[in-house]
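# Any chance you could fold what I've pasted below:
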Amino acid sequence: MDKNSINIIGIKGIPEVKSGDDIADLVIEAANNQKCLIQENDIFVIAQKIVSKSEGQFVHLSKVKPSSFAKVFSKKSGKDARLIEVALKDSRQIIKMDYARGILITETHHGFICANSGVDSSNVGGNDVVLRLPENPDGSANKLVSKIQHLTGIKNISVIISDTFGRPWREGQVNYSIGSAGIQPTIDYRGNEDTFNKVMNVTDIAIVDEMASAAELVMGKTSKIPVAIIRGFKYKDNKLGTYSLLRNKQTDMFR
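A predicted model of the protein is given here:
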């Protein structure tokens, strides 16, 4: 492979994930069946949905009692009051509300700013079930790295857990990293000179987000490919996870 190119491989044949399933086992088995031999420095991009499923982050709406606020929002928006209640319980605060589209932009307990606290009903199964985000995505990524290392004997691998978020100022969604391990989340160019010998002061590229977005091109939403391997990208590990990318309120100019 050319040193200025990367390869993105979608891992097919991963079955429907259930609570308690070992994702690392499923991924390695599927990769072996695909004759995709795991290599040093492979980056595993794993969809949040299967991580949440394996960790049992299901909520049965029949067991949810909506609050007064959730009922009011439901009446104005047409959104299920029980789903709104789950989103509220998974949030620190509400950032914006859109009654017309039934969307709450919230800050989750993790610190993510996203729609409805990341609570999702698509590709879950059952009309009365929704799925929450993993409780500790960086921790989940760390466990997956350790298990894949154990199964393969490969020392240098990394994991990125990806989810789809909307963006300010633009239509459409992209995949972001919500958890990572084994890979330095950014490449910091600050203090380096550009091609015109000017010192860069702000350029700190969030490569885990770029990897998550790139992997989505082969994973898709309807292809039943919840895992991709990115190969050929040189990276370092500084033991920081995706949590380190969250911008604090004091420097957040966009809320």
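# In this protein, which residue is most central in space?
Ser162 (2.4 Å; Cα atoms, centre = their mean).
# Specify the next element, helix or strand, located C-terminal of the helix or strand it falls within.
Assigned by DSSP states H and E, Ser162 belongs to strand 158-167. Per DSSP H and E, the first helix or strand lying C-terminal to strand 158-167 is strand 170-181.
# how about Ser117, what does it touch?
Neighbouring residues of Ser117 by Cβ atoms under 8 Å, 6 or more residues apart in numbering: 86-88, 90-91, 104, 106, 108, 132-133. All C-beta atoms are positioned from the backbone trio N, CA, C, and that covers glycine.
# Ok, Gly179 next?
48, 51, 134, 136-141, 159-161, 241-243.
# among the residues you listed, which are in strands?
When the contacts of Gly179 are checked against strands (DSSP state E), the matches are 159-161.
# ok, these vs Asn127, which is closest?
Within those, proximity to Asn127 (Cβ to Cβ) peaks at Ile161, which comes in at 26.5 Å.
# Now that the closest one has come up, it's in contact with Tyr176, right?
No. Under the criterion of Cβ atoms under 8 Å, Ile161 is not in contact with Tyr176, lying 9.9 Å apart.
# Compare those two and say which one has the larger neighbour count.
Using other Cβ atoms under 10 Å, the more surrounded residue of Ile161 and Tyr176 is Ile161, with 30 against 24.
# Report the beta-bridge partners for the more buried one.
Ile46, Gly179 (DSSP bridges).
# OK, contacts around it?
Taking Cβ under 8 Å, 6+ apart as the test, what Ile161 contacts is 46-48, 51, 134, 137, 140-141, 177-180, 242.
# Tabulate those (CSV), appending pLDDT.
Listed next are the contacts of Ile161 as CSV, based on pLDDT from 0 to 100:
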residue, pLDDT
Ile46, 98
Ala47, 97
Gln48, 97
Val51, 98
Pro134, 97
Pro137, 98
Ser140, 98
Ala141, 98
Ser177, 98
Ile178, 98
Gly179, 98
Ser180, 98
Thr242, 96
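# hmm, which two among those are most spread apart?
Between any two of the contacts of Ile161 (Cβ to Cβ), the greatest distance is 14.6 Å, for Ala47 and Thr242.
# what's the longest helix in this structure?
helix 137-152 (DSSP state H).
# any idea of the angle that helix forms with strand 170-181?
60 degrees (axes from the mean of the first three to the mean of the last three Cα atoms, to 10 degrees).
# where along the chain do the helices fall?
Under DSSP H, the chain gives helices at 23-33, 48-54, 68-77, 81-89, 137-152, 207-219.
# Please identify the most buried of those.
Greatest average neighbour count among the helices of the chain goes to helix 48-54 (a mean of 24), per mean count of other Cβ atoms under 10 Å.
# Report the distance from that helix to the chain centre.
Its chain's C-alpha centre and that of helix 48-54 lie 10 Å apart, by Cα atoms, centre = their mean, to the nearest Å.
# so what does it touch, helix or strand wise?
If contacts are counted by 3 or more Cβ pairs under 8 Å, 6 or more residues apart in numbering; DSSP states H and E, helix 48-54 sits against helix 23-33, strand 129-131, helix 137-152, strand 158-167, strand 170-181.
# Look up how far Ser146 lies from the residue lying closest to Glu216 once chain neighbours are set aside.
Spatial nearest neighbour of Glu216, chain neighbours left out: Asn175 (4.1 Å); criterion: Cβ to Cβ, 6 or more residues apart in numbering. Distance of Asn175 to Ser146, given as Cβ to Cβ, to the nearest Å: 24 Å.
# sorry, back to before: how about the residue nearest to Glu216, what does it touch?
Contacts of Asn175 (Cβ under 8 Å, 6+ apart): 162-165, 212-213, 215-216.
# Check Phe254 too.
By Cβ under 8 Å, 6+ apart, the residues touching Phe254 are Pro168.
# Show me the shaky parts of the stretch 151-255 of the chain.
189-194, 199-202, 222 (pLDDT under 70).
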